[in-house]
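**Student:** Quick one: sequence and predicted model below, then my questions.
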Amino acid sequence: MKNHLSPYMQFTRQEWAGLRNAVPMTLTAEELTSLQGINEDLSMDEVSEIYLPLSRLLNYYINNCFSRQAVLSKFLGKSQKIPYVIGIAGSVAVGKSTTARVLQALLTRWPEHRKVALVTTDGFLYPNRYLEERGIMNKKGFPQSYDIKKLINFVADVKSGQSEVKAPVYSHLVYDIVEDEQITIDSPDILILEGLNVLQGSINYAQANNRVFVSDYVDFSIYVDAQLPLLHDWYVNRFLKFRAGAFSDPNSYFNHYSKLPEQEAVNIANRLWREINELNLIENILPTRERASLILTKGKDHKVDCVQLRK
């Protein structure tokens, strides 16, 4: 029985898939392969049953938002392009990045041909040297590891309609901010902002003394969810795949892990999950789930079993 007190409407996978309403598939199998994460096997069924209905819903919301903007522009006597901001949050290894890339591809292909930019909040982490100086390298991804003021200023500038807003670049290869490198967000119709901290607020950044947070600028937010045992398994499996791939690059920050015996690598991955990522999830990420506009709950094989949409 569905809980009528819940702020969410709940849909089974089958019920949600029925809301696609003949939206055409615009991605090829090859494109889909390029969009999925290292630890996922994203299928056409997943896109057609989960992401096409979601893109249809988002298109309605975006159209409505832009219609309201037109009314306001008429009232104010000036035209201004304000991007629609979609936030995507969730645990490490849950597949946020894949969700963001798939939605970017689908929303770009709607008949309106909208310009969709994608930015991850990783770029707003403090550089490693800053974290090392303060003894918080083992807290990377926790609220205190982000330059939250820079992130809020970035989103505020985008949301105010400024053109050519710049964002810092983060490299997962070197596990650090890339100095003197930035990406330029130039007047998109839609900005997808993906990261652990997209839905966090004052309780997470009490030291920042801010009155506004990233979530204040987000028009629609998605939380990608899964049970802790699944997230743990996905994290360890992803770590082992990186060990056999990206970690073997001599320039990788984690190159030394590629030379370890597999069982030792598994032990390290378990420890990193338990002492850092699970702790951060429980303390700082999971409590933001109920702030989301929509929750995608995954089961085995990264397949979405349930969708909850805020009433």
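**Tutor:** In hand now; what should we look at?
**Student:** Name the SS class of residue 155, please.
**Tutor:** helix (DSSP: H, G, I helix; E, B strand; the rest coil).
**Student:** Does it touch residue 217 like I think?
**Tutor:** Yes: Residue 155 lies in contact with residue 217 (CB atoms under 8 Å); the separation is 4.5 Å. In this view, the C-beta of every residue, glycine as well, is placed from N, C-alpha and C.
**Student:** Name all residues that sit in contact with the two at the same time.
**Tutor:** The overlap between the contact sets of residue 155 and residue 217 (CB atoms under 8 Å, 6 or more residues apart in numbering) consists of residue 85.
**Student:** out of these two, which sits in the busier spot?
**Tutor:** More crowded of residue 155 and residue 217, by other CB atoms under 10 Å: residue 155, with 27 against 20.
**Student:** Please name the residues that touch that one.
**Tutor:** 85, 193, 214, 217.
**Student:** any chance you could map the strands in the protein?
**Tutor:** Counting by DSSP state E, residue ranges of the strands within the chain are 8-12, 84-90, 116-120, 165-171, 176-185, 190-194, 220-225, 294-298, 304-310.
**Student:** and those strands, which is most packed in?
**Tutor:** Among the strands of the chain, ranked by average contacts under mean count of other CB atoms under 10 Å, first place goes to strand 84-90 (a mean of 27).
**Student:** partners of that one in the sheet?
**Tutor:** Taking DSSP bridges as the criterion, strand 84-90 forms sheet pairs with strand 190-194 (parallel), strand 220-225 (parallel).
**Student:** Now tell me what touches the last one from outside.
**Tutor:** Defining contact as CB under 8 Å, 6+ apart, one finds that strand 220-225 is touched by 54, 58, 61, 84-91, 94-96, 99, 198-199, 215, 288-289, 291-298.
**Student:** can you check stretch 118-126 too?
**Tutor:** So stretch 118-126 is contacted by 97, 100-101, 104, 131, 140-141, 145-148, 150-151, 154, 167-170, 172, 177, 183, 185, 191-198, 214 (CB under 8 Å, 6+ apart).
**Student:** still on that earlier bit, okay if I get the strands of the chain as a markdown table plus distance to residue 243?
**Tutor:** Compiled in a markdown table, the strands of the chain are given as follows (distance: least, CB to CB, whole Å):
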| stretch | distance to residue 243 |
| --- | --- |
| strand 8-12 | 37 |
| strand 84-90 | 23 |
| strand 116-120 | 22 |
| strand 165-171 | 18 |
| strand 176-185 | 19 |
| strand 190-194 | 24 |
| strand 220-225 | 24 |
| strand 294-298 | 23 |
| strand 304-310 | 28 |
